[in-house]
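K.L.:
Give me a model of this one.
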Amino acid sequence: MKPIKKLYFVYIITNLSRTVLYTGVTNNLRYRLYQHEFQNYGMNSFTKKIR
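P.N.:
Numbers count the residues shown, from 1 in each chain. I've put the predicted structure just below:
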C-alpha cells in the first residue's frame, strides 16, 4: 500500500499597517485566505481585531 501524500502550506499574513504577523497551516491555501478575507467569524476573531 502506497502512503498518501498531502500537500500543506505554511502562510504568513499581516494587517494593513504591518504591525502584526499571523501564521497558519492549511492544505487548501486559496480557501483559507478566502476565509480570512470574507467570512465573518465575529468581531472577536483575531483577524478582525488586527485590521
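K.L.:
for the chain, what are the low-confidence residue spans?
P.N.:
Residue ranges of the chain with pLDDT under 70: 40-51.
K.L.:
how about the strands in it?
P.N.:
Ranges of strands in the chain, per DSSP state E, are 9-14, 21-26.
K.L.:
and those as TSV, adding mean neighbour count and distance to Y34?
P.N.:
Any C-beta I mention is one placed from the backbone N, CA and C, and that applies to glycine too. TSV is the format used below for these (neighbours: other CB atoms under 10 Å; distance: least, CB to CB, whole Å):
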stretch	mean neighbour count	distance to Y34
strand 9-14	12	12
strand 21-26	12	11
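K.L.:
Now tabulate those strands in TSV and tack on distance to P3.
P.N.:
Shown next, in TSV, are the strands of the chain (distance: least, CB to CB, whole Å):
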stretch	distance to P3
strand 9-14	20
strand 21-26	19
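K.L.:
Identify whichever of the ones you listed lies nearest to L33.
P.N.:
Shortest distance between L33 and the strands of the chain, using CB to CB, is found for strand 9-14: 7.5 Å.
K.L.:
For that closest one, what is the distance to the chain centroid?
P.N.:
Put simply, strand 9-14 sits 6 Å off its chain's centre (CA atoms, centre = their mean, to the nearest Å).
K.L.:
Between strand 21-26 and that strand, find me the angle.
P.N.:
Angle of strand 9-14 versus strand 21-26, following axes from the mean of the first three to the mean of the last three CA atoms, to 10 degrees, is 160 degrees.
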